[in-house]
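**Student:** sequence and predicted model, in that order:
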Amino acid sequence: MSRFLYLVAGETKKIWKQKAAVVLLIIFLALNAILAALFIFSDVDMKNAILETFGSDFSLQTHAQKYSEENEPELYYVYDEYGNPQYNYLDMHYTPIEERINNYKQQLNDPEISNIEKNVIMMQIDSLEKSAAIDNYISENNVSFKDDVSSSAYYLQFSMSVMCTIAIIGTLIIGAGIVAGESSDGTMKLLLTRPFKRWKILTSKFVAALLYGLFMYALGFVFSLVIGGLLFGFDGFSLNIIASFGKGSAFGIGIIPYTLLKFALSFTQIIILLSIVFFFSCLFRSRALAVGISMLIYFVGSGIVKLVAILGIDILKYVIFFNMDLSPFLTSLPPYPGMTILQSGITAAVHFIILMAASYALFIKRDVH
């Protein structure tokens, strides 16, 4: 074990000796400063517009804003003999949320329904079941919403999203550098001649790259928390929200642990994308190809997910694009209708095992020369 930790420490030192790691860290810190300056020198309207557009997500919306509005019956107006409007809450068009869910489920039994129509209905069911879970939690626990989401909480979400994107890109570049980069510059030959098993060498590189990504995530969180608190007040972080993973699951949580949970789930992107980088680094021994392919998957993947999901072909939900990021199960809706976080997690684990097994096979069989 001590020899393996020695390998990890050595790989970590090599990461921080790379110019790319230093440059990325400078960019990371500079971006934090730019975001802070943007909010310091923006007027109130611009600041609120940025926060509301980029800083919020599904679970950060209050119950009154996101859930009750679609479930509360609209005022039903009638007129007396003098033409004066009278109203009551007997809106005949109002349907309880549970009944709406059952109606949608019955539509799925229609043999003539198309895959696309089925997909749209399942998306509605996912949304309503999540709303119902939160509604039930609120009513059972007598939760009241007196305060709006604070600017501190919005900034924390907004800044962390930006920082994590940079962290993911940086980790992919670093991961390719310690595998394919060492192959191209010849330093890998020296490493492979040392008395270490090759699978341990590759594992140490993977762990070191993961630690780099984790460090960048943690640094982003600390900066976002501190700057958000200094700009808008640390009192805003006392906010409690109701979150849900879907049907039958809802829970109350503070904004800080919620943010940590959200971005812990998004860390699966780094794990999966790093395994892709390692596979192509071992296959082609080219840093450019490894980074290019992984970047293509990362940036184009989200678009492919939205387009392919419309087709409603169930087998497609097991494609890697739908399972790299687990955070949408908390923040919005499943990447593919009807999926659960457990299904997606298992699928991601299977992809990870296959990619890493292939990487080990390629790395172990490679020649030293």
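**Tutor:** That came in fine, so what should we check first?

**Student:** give me the below-cutoff pLDDT ranges for the stretch 201-350 of the chain.
**Tutor:** Along the stretch 201-350 of the chain, the parts satisfying pLDDT under 70 run over 301-303, 305-306, 308-310, 312.

**Student:** can you give me the helices in it?
**Tutor:** 255-266, 268-284, 287-311, 328-331, 341-365 (DSSP state H, counting those that start in this stretch).

**Student:** out of the ones you listed, which comes closest to Met216?
**Tutor:** Among these, helix 268-284 comes nearest to Met216, with 9.1 Å by Cβ to Cβ. Using the backbone N, CA and C atoms, a C-beta is placed for each residue, glycine as well.

**Student:** helices or strands up against that closest one?
**Tutor:** helix 151-176, helix 198-232, helix 287-311, helix 341-365 (3 or more Cβ pairs under 8 Å, 6 or more residues apart in numbering; DSSP states H and E).

**Student:** ranking those by burial, who's on top?
**Tutor:** Compared across those, helix 151-176 shows the largest average neighbour count, a mean of 23 (mean count of other Cβ atoms under 10 Å).

**Student:** to the chain's geometric centre, what's the distance from it?
**Tutor:** Taking Cα atoms, centre = their mean, to the nearest Å, the mean C-alpha location of helix 151-176 is offset from the chain mean by 10 Å.

**Student:** any chance of the helices and strands packed on helix 268-284 in JSON lines, plus distance to Ser275?
**Tutor:** Shown next, in JSON lines, are these (distance: least, Cβ to Cβ, whole Å):
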{"stretch": "helix 151-176", "distance to Ser275": "9"}
{"stretch": "helix 198-232", "distance to Ser275": "8"}
{"stretch": "helix 287-311", "distance to Ser275": "10"}
{"stretch": "helix 341-365", "distance to Ser275": "4"}
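
**Student:** which among those helices is found nearest to Ser127?
**Tutor:** Closest to Ser127 of the helices and strands packed on helix 268-284, according to Cβ to Cβ: helix 287-311, at 14.0 Å.

**Student:** with distance to Gly177 as extra columns, can I get the helices of the stretch 201-350 of the chain in TSV?
**Tutor:** Compiled in TSV, those are given as follows (distance: least, Cβ to Cβ, whole Å):
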stretch	distance to Gly177
helix 255-266	23
helix 268-284	9
helix 287-311	6
helix 328-331	30
helix 341-365	16
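
**Student:** what does stretch 243-261 rub up against?
**Tutor:** 59-60, 126, 129-130, 132-134, 136-137, 141, 143, 150, 153, 156-157, 160, 221, 225, 236-242, 329-330, 334, 340-341 (Cβ atoms under 8 Å, 6 or more residues apart in numbering).

**Student:** off-centre distance for it?
**Tutor:** On Cα atoms, centre = their mean, the centre of stretch 243-261 falls 14 Å from that of its chain.

**Student:** any idea how far apart the tips of that stretch sit?
**Tutor:** One end of stretch 243-261 sits 11 Å from the other (Cα to Cα, to the nearest Å).

**Student:** quick check: buried residues in it?
**Tutor:** Using 16 or more other Cβ atoms under 10 Å as the test for burial, stretch 243-261 gives 243-246, 249-250, 253, 255, 258-260.

**Student:** quick one: closest of the helices of the stretch 201-350 of the chain to Tyr6.
**Tutor:** For Tyr6, the closest of the helices of the stretch 201-350 of the chain is helix 341-365, at 19.0 Å, according to Cβ to Cβ.

**Student:** helices and strands around that closest one, which ones?
**Tutor:** On a contact count with 3+ Cβ pairs under 8 Å, 6+ apart, helix 341-365 meets helix 198-232, helix 268-284.

**Student:** that concludes my questions; thank you for your assistance.
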